[in-house]
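A.B. asks: Take a look and give me a structure for this.
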Amino acid sequence: MPARLTGVGTAVPPHSYTQAELLDRFAIEDPRIRSLFLNSAIERRHLRLPPPDPSGGPAIESQGELLRKHSAGGVEAGREAVTACLKAAGADLGDVRYLCCVTSTGFLTPGFSALLIKDLGLSPGCARLDVVGMGCNAGLNGLTAVAGWAAAHPGELAVLACVEVCSAAYAFDGTMRTAVVNSLFGDGAAAVAVVAGEQERPAGPEVLKFASLIIPEAIGAMRYDWDDEHTRFSFYLDPEIPYVVGAHAAQQIDRLLSGTGLRRSDIAHWVIHSGGKKVIDAVRVNLGLSRHDVRHTTGVLRDFGNLSSGSFLFSYERLLDELVVTPGEHGVLMTMGPGSTIETALLRF
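C.D. replies: Numbers count the residues shown, from 1 in each chain. Below you'll find the model as predicted:
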């Protein structure tokens, strides 16, 4: 019995900032960096930022402070997203039998799965999994595990929670490397409920198939590694990554649809990771999609920035809220991230 997505919920921190406000807050004067922020197709992002230092400049957080922000902010957002997801699914906290938590913005032991089980009061017997460090594509990697568990336990509820505190991974050094990251990512969490078999909860789309593609020659194009100079971890995004992802997008979709009897033109709904303006454009052009096809992807980027692993669930939630889906239609979920990797899933509504 295929697993079904039965409810989705999202959460962001209370404070949001326009790109112009962030430039002022961090006293950025470099015209190259200002252009990067202001031409990103992002209007606002929700972030957990410390108060300015006594001089009015940006406060520099230690690696320990960033990790504590990752933990506290992640639990807060994860709690809100899971609660909203269960409400949408017509389920209660006591119904959850499996929890998979995905993050790439910090390292915790125990991880978010254990922290959220305690925080939410889930059953101590709830099975769990933490997917850490896979990056923006990791939401679909986690969904693969959750759908597999649900299919093996018909009628029992599983939840995927993507928890990203991207402001816990920021570094400020005036370089273009960190400026690209600081101009793009936002904080947020998203959760989706999954169940297989006969059930009384709202029926969502069936997850028919997953397909993965790793591009080994671009393995270093997206990284989160240690910066000796600033004694902290920091992201790196190669400027060529939009073109690498775009060049492989059609190949990956053809692999996903192979053996299904479907063509790209049969896909009614596209839910694509909001990786950035150039990434979205490269994927759209290479797949022959219209701007309307990626409206939710670009809308999430505009309103929240790149939310890493949970971005696609923010877009999926907007698709459902639009009330345009017809039973029997097919949809594709697509995420991209370090590896370099493209992950996809095929849905039937």
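A.B. asks: export the helix or strand of the chain with the lowest mean pLDDT as PDB, just CAs?
C.D. replies: Here the helix or strand of the chain ranked lowest by mean pLDDT, DSSP states H and E is strand 232-237, holding a mean of 79. Coordinates of each C-alpha in strand 232-237 appear next as PDB, following Å, rounded to 0.1, in the frame of the first residue of the first chain:
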ATOM      1  CA  ARG A 232      33.300  28.300  13.000                       C
ATOM      2  CA  PHE A 233      31.500  26.300  10.400                       C
ATOM      3  CA  SER A 234      30.400  28.100   7.300                       C
ATOM      4  CA  PHE A 235      28.500  27.400   4.000                       C
ATOM      5  CA  TYR A 236      30.100  27.500   0.600                       C
ATOM      6  CA  LEU A 237      28.000  27.700  -2.600                       C
END
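A.B. asks: For that strand, name the packing helices and strands.
C.D. replies: helix 63-89, helix 176-182, strand 222-227 (3 or more Cβ pairs under 8 Å, 6 or more residues apart in numbering; DSSP states H and E). In short, each C-beta sits where N, CA and C put it, glycine included.
A.B. asks: Of the ones you listed, which is nearest Gly197?
C.D. replies: Closest to Gly197 of the helices and strands packed on strand 232-237 is helix 63-89 (Cβ to Cβ; 14.5 Å).
A.B. asks: you'd agree Ala268 is up against Gly328?
C.D. replies: No. Using Cβ atoms under 8 Å, Ala268 is not in contact with Gly328, being 9.2 Å away.
A.B. asks: the more surrounded of those two?
C.D. replies: Here Ala268 and Gly328 are compared on neighbour count by other Cβ atoms under 10 Å; more neighbours surround Ala268, at 16 against 8.
A.B. asks: Now do the same for the more buried one: helix, strand or coil?
C.D. replies: For Ala268, the assignment made with DSSP: H, G, I helix; E, B strand; the rest coil gives strand.
A.B. asks: okay, it: pLDDT?
C.D. replies: Predicted confidence (pLDDT) for Ala268: 98.
A.B. asks: and if you look at Glu198?
C.D. replies: 69.
A.B. asks: Just want the phi and psi numbers for the closest residue to Pro14 other than its chain neighbours.
C.D. replies: Excluding its sequence neighbours, the residue lying closest to Pro14 (Cβ to Cβ, 6 or more residues apart in numbering) is His46, at 7.7 Å. In terms of degrees, to the nearest 10, the main-chain angles of His46 are phi -90, psi 130.
A.B. asks: Assess the claim that His46 and Ser16 are in contact.
C.D. replies: Yes. If you go by Cβ under 8 Å, His46 and Ser16 touch, sitting 4.6 Å apart.
A.B. asks: Tell me which of these two has more neighbours.
C.D. replies: Legend: neighbour count by other Cβ under 10 Å for His46 and Ser16, higher for His46 (21 against 17).
A.B. asks: any idea how far Gly186 is from the more buried one?
C.D. replies: Look at His46 and Gly186: by Cβ to Cβ, to the nearest Å, they are 5 Å apart.
A.B. asks: could you pull out the strands for the protein?
C.D. replies: For the chain, the strands defined by DSSP state E occupy 3-11, 16-18, 44-46, 96-103, 127-132, 157-164, 188-196, 206-214, 222-227, 232-237, 267-272, 330-337, 341-348.
A.B. asks: among these, which is nearest Gly57?
C.D. replies: strand 16-18 (16.1 Å).
A.B. asks: and the closest one, average pLDDT?
C.D. replies: The model assigns strand 16-18 a mean pLDDT of 97.
A.B. asks: Which neighbouring elements make contact with that strand?
C.D. replies: strand 44-46.
A.B. asks: List the contacts of the strand it packs on.
C.D. replies: 12-19, 22, 185-188, 302-305 (Cβ atoms under 8 Å, 6 or more residues apart in numbering).
A.B. asks: Filter those residues down to the ones in helices?
C.D. replies: Judged by DSSP state H, the contacts of strand 44-46 include Gln19, Leu22, Arg302, Asp303, Phe304 as members of helices.
A.B. asks: how about CSV for those residues, with neighbour count added?
C.D. replies: As requested, the ones in helices among the contacts of strand 44-46 are arranged in CSV below (neighbours: other Cβ atoms under 10 Å):
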residue, neighbour count
Gln19, 20
Leu22, 19
Arg302, 15
Asp303, 18
Phe304, 24
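A.B. asks: min pLDDT across those residues, which one?
C.D. replies: Leu22 (93).
A.B. asks: number of nearby residues for the closest residue to Phe172 other than its chain neighbours?
C.D. replies: Excluding the flanking residues, the one nearest Phe172 by Cβ to Cβ, 6+ apart is Pro58, at 5.8 Å. Per other Cβ under 10 Å, the neighbour tally for Pro58 reads 18.
A.B. asks: Quick check: phi and psi on Pro58?
C.D. replies: Dihedral angles for Pro58 - degrees, to the nearest 10 - are phi -70, psi 140.
A.B. asks: Would you agree it is in contact with Ala171?
C.D. replies: No. Judged on Cβ under 8 Å, Pro58 makes no contact with Ala171 at a distance of 11.1 Å.
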